[in-house]
Each structure stands twice: as structure tokens, then as C-alpha cells.
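> just need the structure, nothing else, for what follows:
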Amino acid sequence: MAHDLARGRTKTTFVRVHGEELSSQVEHEAEKLNDAPVDPALHDRIERAIGLASEVGGAIDDMRVSPQDRQKARQAEQDLNKWADEARKLAGSI
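I've put the predicted structure just below:
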């Protein structure tokens, strides 16, 4: 979504509707992580996963607020790619 938005290849309505769904889903996953019983050895990694979810949701919400801001979308795309890499590494360590 960020990729297409940064290049002017998507509509405002799509970003707002689909972005709301994505943001809601990432928040729900963070809630599940927060509420799950966790082995103390995993606590720091779970906290980082919750933090990543918050960052991802924030980036998506920023795009929803300003879907015409291509610079913000480019930054969101870069950030989301970085966080995806972090999430893959984190998932591999759990």
C-alpha cells in the first residue's frame, strides 16, 4: 500500500479503508501478544514485537490521515520494510 501510495497509484478511499483494516489487525495482534502468558525468557522479544506492531500501526495511520503526501508514504514504505525485516528476525528467534 505504501509503495503504491508513494507512486500515486492508489486512491484515497482505498488507503483509508484498507489502512483501517490493517491498522486494526496489527493492534489486535499486539493485544494478543500482550495478553498471552509468556515464558520469562521471551519477555524482551515479545515486548519488541508489541513495539513493532505499534510502529507499523502508526505508519499506516499516518498514511490514512494524509494519503496525498507522497513523501510521507515513501518514508512509511522504507520504515515498513525495515520493520518487516526486524519482525522476520524476531519471529525466527522465538
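
> please count neighbours and contacts with C-alpha atoms only from this point.
Noted.

> can you show me the helices along this structure?
In the chain, the segments counted as helices under DSSP state H are 2-6, 12-35, 43-65, 70-93.

> of those, flag the one that's most buried.
helix 2-6 (a mean of 20; mean count of other C-alpha atoms under 10 Å).

> give me the contacts around that one.
Identification of contacts with helix 2-6 by C-alpha atoms under 8 Å, 6 or more residues apart in numbering yields 10-11, 15, 63, 67-74, 76-77.

> now do the contacts for the most centrally placed residue in the chain.
For the chain, residue 56 is the residue whose C-alpha lies nearest the centre (C-alpha atoms, centre = their mean; 2.1 Å). Residue 56 makes contact with 23, 26, 80, 83 under the criterion C-alpha under 8 Å, 6+ apart.

> which among the residues you listed gets closest to residue 33?
residue 26 (10.7 Å; C-alpha to C-alpha).

> pretty sure the closest one sits against residue 57.
Yes: at 6.3 Å, residue 26 counts as touching residue 57 under the criterion of C-alpha atoms under 8 Å.
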